[in-house]
Structures are given as C-alpha cells and as structure tokens.
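Colleague: coords please:
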Amino acid sequence: MPTRTRQWMSRNTGSHLDWPAERALAHKGAETVSVVLPAKDEQETVGAIVEAIRKPLVERLPLVDEIVVIDSRSGDGTAVTAREAGALVYHQDDILPDLPGLWGKGEALWKSLAVTTGDVVVFVDADIRNFGPHFITGLVGPLLADPDMGYVKGCYSRPLLEEGSVAPADGGRVTELVARPLLNMCWPHLSGFVQPLAGEYAGRRAVLEAVPFVCGYGVEFALLVDLADLLGVDRMAQTDLGVREHSHQSTAALGRMSGQIINTAWSRLHRHGLATAARPPATGLTQFVQTPVGYHALDWDVDVPERPPMRQVAHARSAQFPPGRVQR
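Modeller: Residues are numbered from 1 along each chain as shown. Take a look at the predicted model:
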C-alpha cells in the first residue's frame, strides 16, 4: 500500500462507536438527512430495517428526516411491507417517467435523488439481516461534523453463511477477486477502502448530484472512482460498521456482477486515457450449465449504461417534476 494511502487510512477511518445518535444529532444543525433503500424482492428484511431507523432516529431523536424505499420492480410484497413500516415508497418506473426506463440498482439510487430532499443522503441495502441504527449514525456523523467531508463509505466484516457453516471473512467474494485487484492496479490511491463495493454509504446531495450513476452493479465502483476525481480522497472517509450479515448470491450471479464491474472499470480507464482499444470491449458473458446431455450455454449482457449527473437534468425538470409528486 502506498505510504500516502496508509496515512489516509489512519486519518479518515473511524468507527460507528464514535458516533452514537446523540453525538451525530448535536452536529446536525439545520442540515436534513434522507435515508434511501433500493429494494427488489426484499419483503423479508426491508420492514425491519425501516423500523430500526424510524423508531430511534426519527421518533426518539430527530436525526433522520425521511426514509425512502425505491421499489425496483419487485414481484413480492416489498412495497407494502416498507410502507407499513413507515417508509415513503416510490416505484422506480414512476420516477422521471418520460425517460426511457433502465434497470438495476444504480438506476434506483439515481432516481432517488429526484424524490428526496435531504442535504445528506444515506444509501443502505435492503437485505441486511442484522441491521442497527449505527449503520446510519456511523455514516452521517462524519459528514455532519465536518463540512469539508463529502462522502463516507461503510466497511465491515462480511461472514459467508452457507448451509449451517460460517466463514468469518469470505462474504465479499467479488470484492476480493475483482474490485480490490482493479483498484490496487489502476487506482492505488483508493486501495485503502476496506469494502469498496459496500452498499452502505452517505454523501452530500451536492456531491452525489454532480457525478453520473452506473445503472447496474458497477454503481459503487463507479461512485468511488468518480467521487475521488471530483473531491480528492482527503474529502472521503470510511466508517467501520462492525459485522454485516445478508443473503448471498450464487457463483454464477457473482460472475455477472463481476462482468458489470469490469465493464465499469474499463469505461473509467478509457475516459481518462489510461486504456485504449481499436474497438470497445465486448459486453457479452457466456456461462455454462451442465445437463445430462452436455453443456448448455447461457448468454448475458453485462453492459452498464449510466445516467448523467442529476444536476444536469434537475433544473430543467423542476417545474414538471417537483419532489413529492411521484405516485407512492
């Protein structure tokens, strides 16, 4: 690790234990905080997460001003469960409906900027099984306390829970096999981020609206690289949130996620002149399933379209699409 990165880690890595809700609230002042959960088929966990935010951080202490769930075309009761737990629920396709609909987590996050109002926006995944309010306080605390800080990323231990066994640190397979090697190779100044693909992070609205959002699973990788370009790493930090337990994807699904992250990394390398080619890289991914009669090929497209910075579209649409006018 570069010496400067090691020094950055020493200065800019904290713990959620440093940020009890009362301390974060003492720094809040007039700033407002929005919490956003992108959710697709997460009825089993989304309600408990919303309640774990609402009761201590909205009702007991006024740290969070709104809890918003973006329902990404769920086929289960995600929207109903989230609404009953106290969240504002927006259906992804109802936001900015005049734009062609795209897909993926990044699309939900980007669209959330059109319907939330907080000066600070916190993104939290909706599949966490051991969620506590410290996931929120640990991320917003450094932003509320330091007006120069623009972005705070969560980090944690990710145990892999499978069939009754527990591997304490094996839950971040795409991180270790794809994202971390790419960052160390091409963006070594970002190699100090312990969980570069973490779905829990917070940023100032003005900062988040100034960068594009990749629509697929490359969104966290792209935000890390793009925000470092915009802010510089000294205005970025990370908070240790303890342990994160969540559902795990199959190896094949992780392969498709990896393809999207590699595609995202290529776009950033190409954009900065660090990689060139006679033609763009192929975006097809072929995977194989063994059957009784041989191998069956499955073809996937891992291209990751991206939305422009929300700042570029917000003013032109403000009269047509003010916050709060989307169907809930």
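Colleague: ok, which stretches of the protein are helices?
Modeller: For the chain, the helices defined by DSSP state H cover 3-12, 21-26, 46-54, 78-85, 105-112, 134-145, 173-174, 180-186, 205-208, 219-231, 251-271, 310-317.
Colleague: okay if I get those as a markdown table plus mean pLDDT, distance to Thr32 and mean neighbour count?
Modeller: C-beta coordinates here come from the backbone N, C-alpha and C atoms, glycine included. Shown next, in a markdown table, are the helices of the chain (pLDDT from 0 to 100; distance: least, Cβ to Cβ, whole Å; neighbours: other Cβ atoms under 10 Å):
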| stretch | mean pLDDT | distance to Thr32 | mean neighbour count |
| --- | --- | --- | --- |
| helix 3-12 | 94 | 24 | 14 |
| helix 21-26 | 98 | 12 | 16 |
| helix 46-54 | 98 | 15 | 22 |
| helix 78-85 | 98 | 21 | 20 |
| helix 105-112 | 96 | 15 | 26 |
| helix 134-145 | 98 | 11 | 25 |
| helix 173-174 | 87 | 34 | 18 |
| helix 180-186 | 95 | 32 | 16 |
| helix 205-208 | 98 | 9 | 18 |
| helix 219-231 | 97 | 21 | 22 |
| helix 251-271 | 92 | 31 | 19 |
| helix 310-317 | 78 | 17 | 14 |
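Colleague: and of those helices, who's closest to Asp94?
Modeller: When the helices of the chain are compared by Cβ to Cβ, helix 105-112 sits nearest Asp94, at 9.1 Å.
Colleague: which strands and helices sit next to the closest one?
Modeller: When contacts are defined as 3 or more Cβ pairs under 8 Å, 6 or more residues apart in numbering; DSSP states H and E, helix 105-112 packs onto strand 33-39, strand 66-71, strand 120-123, strand 213-214, helix 219-231, strand 306-307.
Colleague: Can you lay out the ones you listed as TSV showing distance to Arg4?
Modeller: Formatted as TSV, these follow (distance: least, Cβ to Cβ, whole Å):
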stretch	distance to Arg4
strand 33-39	31
strand 66-71	37
strand 120-123	27
strand 213-214	27
helix 219-231	13
strand 306-307	29
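Colleague: how long is stretch 127-141 end to end?
Modeller: Terminal residues of stretch 127-141 lie 23 Å apart, using Cα to Cα, to the nearest Å.
Colleague: what sits up against it?
Modeller: With Cβ atoms under 8 Å, 6 or more residues apart in numbering as the test, stretch 127-141 has contacts from 14-21, 23-24, 27, 33, 35, 42, 45, 48-49, 52-53, 56-57, 63-64, 120, 122, 124, 152, 154, 200-202, 239-247.
Colleague: Among those residues, name the buried ones.
Modeller: 14, 16, 19-21, 24, 27, 33, 35, 42, 45, 48-49, 52-53, 56-57, 63-64, 120, 122, 124, 152, 154, 200-202, 239-242, 244-246 (16 or more other Cβ atoms under 10 Å).
Colleague: separation between Asp41 and Phe123?
Modeller: Computed as Cβ to Cβ, to the nearest Å, the Asp41 to Phe123 distance reads 18 Å.
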